[in-house]
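Chemist: A structural model of the following input is requested.
(2 chains)
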Amino acid sequence: MSTRVADGLGSIARLVLGVVFLVAGGLKVTTPEASAKATQAYQVLPHDLAAYVGYALPIVEVILGLLLLLGLFTRVSAIVSSLLLVVFIAGIAQAWARGLTIDCGCFGGGGTVAADETSYLPRILEDVGMLACGLWLSRRPSSHLSLDRALFRAH
Amino acid sequence: MAQKSTPKSARQAKIDAVRKDGGGGVNRIVVGAVVAVVAIIAVVGGVVVAERNQQDRVGTSTTVPAGASGMGQGFVANADVTLQPNAPTLEVYEDFQCPACALFEQVMGGTVADLAKEGKIKLVYHLKTFLDANLRTTHSLTMGNAAMCAADAGKFQAFHDAVYANMPAQEGQGWPTAQVRGFAEGAGITGAALDAWQTCVDERKYGTYVESTEESSSKAGINSTPTVVLDGQKLDFNAVPDPAALKAAVEAATK
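Modeler: Residues are numbered from 1 along each chain as shown, chains lettered A, B, ... in the order given. Alright, predicted model coming up:
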């Protein structure tokens, strides 16, 4: 694969991952209470800690989304995004396995829903797709139209 | 051509020198530090603001209503009734903004109130406020507090029923202040009791308590409303769809 094409794929990966994180974070960042409740509904972390994680997650997602779209510190952003996505996948999978009936709360909402309203597999597949983008960029952060290139001549 | 032969400025020469040996334009460490600091401030600041907003919403009063045995504990609506032997406990988890709760009240409310009055069940309400978070309102908490204020006057059930009989046209719209006062008056709270009710509402006397029942029920995994628990068993509305079935279920739970 030529460098040019690989860099193009890198740009697409940045765009996909960046837009999804920015939208997901942006939809939740104005309703931290709901995000806290959505995080608590996974019943993994201690109740109070889950609330703080719920408050913080949307902000973290917005920051990662912006960095990825700008192509600033792409490798670090991609590694953090990938780790986060692994946690998300594990969180959804354990909820599914334990028979909880919750909305993932990925793009706002969240909490308990009717058993036939859950959508665990589609959410996991989405996250796996995003994880692929994250892993690509972790391994090869080089891409077109990035601040890394413009500012630091890196990648 | 003349341009090209002009000697580079000293500044440009320095920049080029750095680029050659460092391979970078702007200092990476400086930019990285700035981004990291901004990110940390945003995350910590966001968490602190969210936490403070939550506390502002709930208020500082830590009074527990007489009908509840403590923070996080449900409110016993028929404490004044002598229960029949082995009467089971019926626990109702409701959020005042929840349309499905209004539907439940419409279908079952009368029966539940009768069973409570006859002492056939111990009726316990757990007020939830999670819809406030989803709808970005404070109506669930406000109405929960107002209902507990009505309980001070012994009129919880009537106030509670009035709210569910007058749901806003759209979920999240809430109730005008005058209408809420009307619910209290309609419930039979008058004179000095009405003044006390108003003070209680204004002070958010039971704000912390109502939030505590939200918290404890959420900890117990009850995150949807209405949830009705009979004698420790979650009621399945498919199996118990009408008053007759509810009465039968209560009878079966009376051992």
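Chemist: helices and strands of chain B: which one bottoms out on pLDDT?
Modeler: In chain B, no helix or strand scores lower on mean pLDDT, DSSP states H and E than helix B:2-5, which sits at a mean of 45.
Chemist: any chance you could map the strands in the chain?
Modeler: Just going to use chain A. Per DSSP state E, chain A carries strands over the ranges A:102-103, A:111-112.
Chemist: that's the wrong chain, I meant chain B
Modeler: Under DSSP E, chain B gives strands at B:75-76, B:89-94, B:122-127, B:227-230, B:233-234.
Chemist: Nearest to chain B, out of the strands of chain A?
Modeler: strand A:111-112 (3.8 Å; CB to the nearest CB). Any C-beta I mention is one placed from the backbone N, CA and C, and that applies to glycine too.
Chemist: Whether that closest one contacts chain B - can you check?
Modeler: Yes - using CB under 8 Å from any CB of the partner chain, strand A:111-112 reaches chain B at A:111-112.
Chemist: other SSEs contacting that strand?
Modeler: Judged by 3 or more CB pairs under 8 Å, 6 or more residues apart in numbering or on different chains; DSSP states H and E, the packing partners of strand A:111-112 are strand A:102-103.
Chemist: The residue of the stretch 151-255 of chain B found nearest chain A: neighbour count?
Modeler: Residue of the stretch 151-255 of chain B nearest chain A, by CB to the nearest CB: residue B:223 (3.8 Å). Counted with other CB atoms under 10 Å in any protein chain shown, the neighbours of residue B:223 add up to 25.
Chemist: Equivalent analysis for residue B:81, please.
Modeler: Residue B:81 has 17 neighbours, counted by other CB under 10 Å.
Chemist: can you check residue B:251 too?
Modeler: Neighbours of residue B:251 (other CB under 10 Å): 11.
Chemist: And the pLDDT for it?
Modeler: We have a pLDDT of 94 for residue B:251.
Chemist: which ones are touching residue 51?
Modeler: In the absence of a named chain, this looks at chain A. A:36, A:39-40 (CB atoms under 8 Å, 6 or more residues apart in numbering or on different chains).
Chemist: The chain in question should be chain B.
Modeler: A:52, A:55.
Chemist: Tell me the confidence at it?
Modeler: Taking residue B:51 on its own, its pLDDT is 93.
Chemist: Any regions of the chain where pLDDT drops low?
Modeler: Assuming you mean chain A. Within chain A, the ranges that satisfy pLDDT under 70 run A:155.
Chemist: that's the wrong chain, I wanted chain B
Modeler: In chain B (pLDDT under 70), the answer is B:1-25.
Chemist: thinking again about what came up before, what's the closest of the contacts of residue A:51 to residue B:59?
Modeler: residue A:36 (18.6 Å; CB to CB).
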